[in-house]
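A.B. asks: All I have is the shape, not the residue letters:
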Ligand code: KIV
């Protein structure tokens, strides 16, 4: 039987200096691909909104949408630890609501853990969710749910004041019981400093090579989206054009009646056909 990755595995990986590979997935086939490849963590990110649902940002994603997609990802993952992003406004209003919504995310999807955005300001909320028995991954630096307040998707922590705050945020999340922290779009030196100070693993996205692990969006890894390409994205495939070409070939064959050929067609006894025609 495949041994599942757990939060303990992540802890051991950090101790042993083994890097953690994490990617997003949003449905059964994408989860199967990532899991089969050996991904340690699969994140059902609220990037779902932009990547899969075509929203302008992540703010419109609902808990119902996360649960719907989370269930499919859990069904497609045998080994990876599946983490569900808590969407905007499901954990900010009150700690009670946060615990209830985190509970729904794990209970209804079957995923063991959740992720939420915010640092020291969210530490008490993280603590409450953890005390309810749910592992929490923190997320600091560029936090897309605060895009309005941040004024855009910019690198965070280049200046001393914000850098100091991000160190405090990471430590506060660790003290609150978070099992890991995502560092998004921060200078590599700051990410290295935070990684050295924390006992829990850091997972970087646009945070340099010294983090304990890395996360990228499924569609970015495979080159399935062509609209947005931040500096930190590396494409390991370029499947948008070949997939569009495959679709074009299908359309052309349908229009030219070249598909389906005999190979893709069922047949029946000609005698029955003759009788049917005579009826
Ligand atoms: O929603 C998401 O995909 C994320 C990762 C990019 C960290 O939060």
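C.D. replies: That came in fine, so what should we check first? Here the structure is a predicted model, which means the values were calculated and not measured.
A.B. asks: Could you break the chain into its assigned domains?
C.D. replies: For the chain, the structural domains run 7-238, 242-278, going by automatic domain parsing.
A.B. asks: Residue 80 reaches residue 39, doesn't it?
C.D. replies: Yes. Between residue 80 and residue 39 there is a contact under C-beta atoms under 8 Å: 4.9 Å. All C-beta spots, glycine's among them, are computed from the backbone N, C-alpha and C.
A.B. asks: Which residue is it, in the chain, that comes closest to the ligand?
C.D. replies: residue 45 (2.3 Å; C-beta to the nearest ligand atom).
A.B. asks: need the contact list for that residue.
C.D. replies: 24, 26, 85, 115, 217 (C-beta atoms under 8 Å, 6 or more residues apart in numbering).
A.B. asks: element containing residue 277, please.
C.D. replies: helix 270-278 (DSSP states H and E).
A.B. asks: what mean pLDDT does that helix have?
C.D. replies: Helix 270-278 carries an average pLDDT of 98.
A.B. asks: And stretch 164-172, by the same measure?
C.D. replies: 98.
A.B. asks: and what of stretch 8-26?
C.D. replies: Per-residue scores along stretch 8-26 average to 98.
A.B. asks: And stretch 246-266, by the same measure?
C.D. replies: Stretch 246-266 comes out at a mean pLDDT of 98.
A.B. asks: residue boundaries of the strands in the stretch 1-150 of the chain?
C.D. replies: 20-24, 41-44, 81-85, 113-115, 136-141 (DSSP state E, counting those that start in this stretch).
A.B. asks: Deepest-packed of the ones you listed, please.
C.D. replies: Looking across those with neighbours counted as mean count of other C-beta atoms under 10 Å, the highest average goes to strand 41-44: a mean of 30.
A.B. asks: Give me the residues contacting it.
C.D. replies: The contact list for strand 41-44 (C-beta under 8 Å, 6+ apart) reads 5, 10, 20-26, 31, 34-35, 66, 69-70, 73, 77, 80-85, 109, 111, 115, 203, 213, 215.
A.B. asks: Run me through the strand neighbours of it, direction for each.
C.D. replies: Strand 41-44 pairs in its sheet with strand 20-24 (parallel), strand 81-85 (parallel), by DSSP bridges.
A.B. asks: Of those, which is nearest residue 251?
C.D. replies: strand 20-24 (29.7 Å; C-beta to C-beta).
A.B. asks: Now narrow the contacts of residue 45 to whatever sits close to the ligand.
C.D. replies: Contacts with the ligand within those, counted by C-beta under 6 Å from any ligand atom: 24, 85, 217.
A.B. asks: and the chain, which of its residues are near the ligand?
C.D. replies: Applying C-beta under 6 Å from any ligand atom, we find that the chain lies next to the ligand at 24, 43, 45, 46, 47, 85, 139, 182, 184, 205, 215, 217.
A.B. asks: Local confidence estimate at the third one?
C.D. replies: For residue 45, the pLDDT comes out at 98.
A.B. asks: circling back: what's the closest of the contacts of residue 45 to residue 242?
C.D. replies: So of those, ranked by how close each gets to residue 242 (C-beta to C-beta), first place is residue 217, at 19.1 Å.
A.B. asks: Could I get the contacting residues of that closest one?
C.D. replies: Residue 217 neighbours (C-beta under 8 Å, 6+ apart): 23, 24, 45, 47, 51, 233.
A.B. asks: which one of those residues sits closest to residue 191?
C.D. replies: Closest approach between the contacts of residue 217 and residue 191, by C-beta to C-beta: residue 233, at 16.6 Å.
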